[in-house]
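S.K.: predicted structure and sequence below. I'll ask about it afterward.
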Amino acid sequence: MSLLGLYDRSLLGRAATPALDASSLSGEPLALTFGALEERSNRVAHALRARGVQAGDRLAFYLTNRVEIIDLWLACIKTGIIVVPVNVLYREREIAHIVSDAAPFAVITTAAQQGDLPAGVTSWSLEALSAEAAQQSAVRITVPCVANTPAALVYTSGTTGASKGAVLTHGNFAANALALTASWEFTGNDRYLAVLPLFHVHGLANGLHVWLLSGCHMRLAERFEHERAADWFEAYQPTVFFGVPTMFVRLLDVAPARAAAIGARTRLFVSGSAPLPAPVMEAFRERFGHVILERYGMTETLMNVSNPFYGERRPGTVGFPMPMTVVRIVDEGGADVPDGTSGELWVRGPNVCDGYWRRPDATAAAFTDGWFRTGDVGVRAADGYITLEGRRSDLIISGGFNIYPREIEELLAEQEGVREAAVVGVKDAVRGEVPVAYLVCDATVNLEALSQQVRTQLASFKVPRGFVRVEALPRTALGKVQRQQCRVIKNCEKKSADY
Ligand code: MLC
Ligand code: AMP
């Protein structure tokens, strides 16, 4: 059965049921039934076909959360088109890499944002496409898809620096969605407040899919805005909420009486994508009366491990393997380590991607005997709870967004007067970590101007929050830069007083 067969429980089976509250592209608030979504996506599927897109072609979306992104996703699933979601915070340089790698038929964005795309990229304005779709037939068209039909290429860097497209299949999305819907007891009576961006798997593979499979109601916000979040909870009265830890830290600002009332109406809060600090979990329990359910996933594997829905949600841990996922914890040689001993997490299951788009080398490097090597280091307690302890790479996670130091270092090294750069993550109470740059550079380099310059070329969350001028970068005897040693360098000139 294809993924669409599972969506049909809602699209066809609950056609008259209210499905979605969200803004359209024009900012108009829309309230749609599942039947309306079925028709809208059929029209979009015809419009895509009229423009020549075929099954197996890639289509990139550079869009914030809107009704139209859901129409597009459904249209692509129906017709076998492979979706390439692109983070809307990415700038020209970051987009250029994805476009050259995925070679999409076109990049769909708003008319206003077409100018933000790199020169030479074929872009379609969503406004024009939507106007064409409105003239098309509402009769469904489909292409048969099976479990290993690719549904999306989601760009991520794995354990190395270069961003690669994880090929996520219909089967990967189906397995993940079935596991979450069943484990977390989603039903048609739920109300899901969606604030996560649909360009990453947390919002796309988890949020969008538990909604489509359970046939519950979803209120899709364009993005999480912490000043408005409490109002949304009160107005919409969700039963479930998924967030990254930064969102839970922000929610701690809600006044106690309001927070308690919100908590009383909500049945489940889920956190993931970055570590949830145990004190945040405790403060949230005091304020909202809820023990947050923390789970662990990756773009390449979707959800791997989760605290239980029933039973103890243990702070600082990510719980047990998902129902269809097998997790091993291994040493450097790939041998299983005993409980209580740290090792790398290797996973396998129907949720794990087939590999990286047109990168057999990277795919081969990421898998050993069919096991996906996550690069995450963890330990299993005797009673089975898994705790993540760190990562084998220098990945920085800020507000749930991933940052690869090498990408920023390469950009900094291209700047006039900069001889060497090292970027490290430093702790931040709200965002978990933020990047800070250590630079060996000429005396003429103005750090403030440098900061402004890189801001034009990087997504805002990747721009270092501090720039520190140093005499030399710490190196190993073999000459490799030791990023983690940078923070202990003394006698350096800093742009920011904080780092
Ligand atoms: C943040 N910004 C956005 C945005 N999110 N802009 C547009 N759309 C979004 N979705 C920008 C803001 O404009 C601002 O830019 C900066 O980011 C910080 O915004 P803020 O208002 O200060 O937000 P803050 O309270 O810090 O919260 C940020 C956040 C955001 C939590 C809303 O980080 C976020 O949405 N994170 C979710 C990331 C995610 O979905 N990760 C899943 C990866 S999948 P400026 O220019 O003013 O700085 C994965 C697998 C798994 O990891 O296990 O799930
Ligand atoms: P991404 O490549 O964006 O999918 O990011 C996946 C990475 O996020 C994982 O490899 C982990 O390092 C991290 N991650 C996801 N969930 C958690 C969690 N609950 N706790 C700690 N780290 C997490």
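M.R.: Structure received. Ligands and ions are numbered 1, 2, ... in the order given.
S.K.: indicate the residue of the stretch 251-400 of the chain located nearest to ligand 2.
M.R.: Nearest residue of the stretch 251-400 of the chain to ligand 2 (C-beta to the nearest ligand atom) works out as residue 299 at 3.4 Å. (Glycine included, C-beta is placed from N, CA and C.)
S.K.: who's the closest residue to that residue other than its chain neighbours bridged to?
M.R.: Leaving aside its sequence neighbours, residue 299 sits nearest to residue 156 (C-beta to C-beta, 6 or more residues apart in numbering; 4.0 Å). Beta-bridge pairing for residue 156 (DSSP bridges): residue 164.
S.K.: who's in contact with residue 156?
M.R.: 163-164, 166, 298-300, 402 (C-beta atoms under 8 Å, 6 or more residues apart in numbering).
S.K.: now the two most distant members of those.
M.R.: 163 and 298 (14.1 Å; C-beta to C-beta).
S.K.: between these two, who's got more neighbours?
M.R.: Neighbour count, other C-beta atoms under 10 Å: between residue 163 and residue 298, residue 298 has more, with 23 against 18.
S.K.: tell me the pLDDT of the closest residue to that one other than its chain neighbours.
M.R.: Leaving aside its sequence neighbours, residue 298 sits nearest to residue 374 (C-beta to C-beta, 6+ apart; 6.1 Å). Here, the pLDDT recorded for residue 374 equals 96.
S.K.: what helix or strand is residue 95 on?
M.R.: helix 92-102 (DSSP states H and E).
S.K.: now do the helices in the stretch 151-300 of the chain.
M.R.: 170-183, 201, 209-214, 229-236, 245-251, 256-265, 278-288 (DSSP state H, counting those that start in this stretch).
S.K.: in a markdown table: the ones you listed, plus distance to residue 327 and mean neighbour count.
M.R.: Output for the helices of the stretch 151-300 of the chain, formatted as a markdown table (distance: least, C-beta to C-beta, whole Å; neighbours: other C-beta atoms under 10 Å):
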| stretch | distance to residue 327 | mean neighbour count |
| --- | --- | --- |
| helix 170-183 | 14 | 22 |
| helix 201 | 18 | 30 |
| helix 209-214 | 21 | 25 |
| helix 229-236 | 33 | 16 |
| helix 245-251 | 22 | 22 |
| helix 256-265 | 31 | 15 |
| helix 278-288 | 22 | 17 |
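S.K.: which ones are touching residue 192?
M.R.: Applying C-beta under 8 Å, 6+ apart, the residues contacting residue 192 are 207, 210-211, 216-219, 238-242.
S.K.: list the contacts of residue 300.
M.R.: 156, 158, 166, 352-353, 366, 372.
S.K.: tell me which of those residues is nearest to ligand 1?
M.R.: Distances from ligand 1 to the contacts of residue 300, taken by C-beta to the nearest ligand atom, are shortest for residue 156, at 8.1 Å.
S.K.: from residue 136, how far off is that closest one?
M.R.: 34 Å (C-beta to C-beta, to the nearest Å).
S.K.: which pLDDT value belongs to the residue of the stretch 251-400 of the chain closest to ligand 2?
M.R.: 97.
S.K.: so it sits against residue 201, correct?
M.R.: Yes: the pair residue 299 / residue 201 is scored as a contact, 5.2 Å apart, by C-beta atoms under 8 Å.
S.K.: quick check: neighbours shared by these two?
M.R.: 154, 168.
S.K.: JSON lines please, covering the helices of the stretch 151-300 of the chain and showing distance to residue 27 and mean pLDDT.
M.R.: Listed next are these as JSON lines, based on distance: least, C-beta to C-beta, whole Å; pLDDT from 0 to 100:
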{"stretch": "helix 170-183", "distance to residue 27": "30", "mean pLDDT": "98"}
{"stretch": "helix 201", "distance to residue 27": "27", "mean pLDDT": "98"}
{"stretch": "helix 209-214", "distance to residue 27": "22", "mean pLDDT": "98"}
{"stretch": "helix 229-236", "distance to residue 27": "17", "mean pLDDT": "98"}
{"stretch": "helix 245-251", "distance to residue 27": "23", "mean pLDDT": "97"}
{"stretch": "helix 256-265", "distance to residue 27": "26", "mean pLDDT": "98"}
{"stretch": "helix 278-288", "distance to residue 27": "31", "mean pLDDT": "98"}
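S.K.: can you add distance to ligand 2 and give these back as TSV?
M.R.: Converted to TSV, the helices of the stretch 151-300 of the chain look like this (distance: least, C-beta to the nearest ligand atom, whole Å):
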stretch	distance to ligand 2
helix 170-183	13
helix 201	6
helix 209-214	16
helix 229-236	20
helix 245-251	8
helix 256-265	21
helix 278-288	11
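S.K.: for the ones you listed, could you give me JSON lines that also reports distance to residue 463?
M.R.: Output for the helices of the stretch 151-300 of the chain, formatted as JSON lines (distance: least, C-beta to C-beta, whole Å):
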{"stretch": "helix 170-183", "distance to residue 463": "32"}
{"stretch": "helix 201", "distance to residue 463": "24"}
{"stretch": "helix 209-214", "distance to residue 463": "32"}
{"stretch": "helix 229-236", "distance to residue 463": "24"}
{"stretch": "helix 245-251", "distance to residue 463": "16"}
{"stretch": "helix 256-265", "distance to residue 463": "32"}
{"stretch": "helix 278-288", "distance to residue 463": "25"}
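S.K.: residues from the stretch 351-499 of the chain in reach of ligand 1?
M.R.: Contact residues (C-beta under 6 Å from any ligand atom) of the stretch 351-499 of the chain with ligand 1: 399-401, 430-431, 460-461.
S.K.: are any of those buried, and which?
M.R.: Among these, those classed as buried by 16 or more other C-beta atoms under 10 Å are 399-401, 431, 461.
S.K.: from these, which land in strands?
M.R.: Here DSSP state E is the test, and those give residue 401 as lying in strands.
S.K.: ok so, going back, mind giving me the packing neighbours of the helix holding residue 95?
M.R.: strand 58-61, strand 150-156, strand 164-169 (3 or more C-beta pairs under 8 Å, 6 or more residues apart in numbering; DSSP states H and E).
S.K.: ligand 1: which of these is closest?
M.R.: Here strand 150-156 is closest among the helices and strands packed on helix 92-102 (C-beta to the nearest ligand atom), at 8.1 Å.
S.K.: that closest one vs helix 92-102, what angle?
M.R.: Computed with axes from the mean of the first three to the mean of the last three C-alpha atoms, to 10 degrees, the direction of strand 150-156 lies at 140 degrees from that of helix 92-102.
S.K.: strand 150-156 vs strand 164-169, what angle?
M.R.: Angle between the axes of strand 150-156 and strand 164-169 is 150 degrees (criterion: the same axes, to 10 degrees).
S.K.: quick check: mean pLDDT across strand 150-156?
M.R.: For strand 150-156, the per-residue pLDDT averages 97.
S.K.: same question for stretch 67-77.
M.R.: Mean pLDDT, computed over stretch 67-77, is 98.
S.K.: residues in contact with it: which ones?
M.R.: Contacts of stretch 67-77 with the rest of the structure, by C-beta under 8 Å, 6+ apart, involve 3-4, 7, 11, 20, 22-25, 30, 32, 37-38, 40-45, 48, 59, 61, 63, 81-83, 108, 126, 130, 133, 145, 151, 170, 198, 204, 208, 220.
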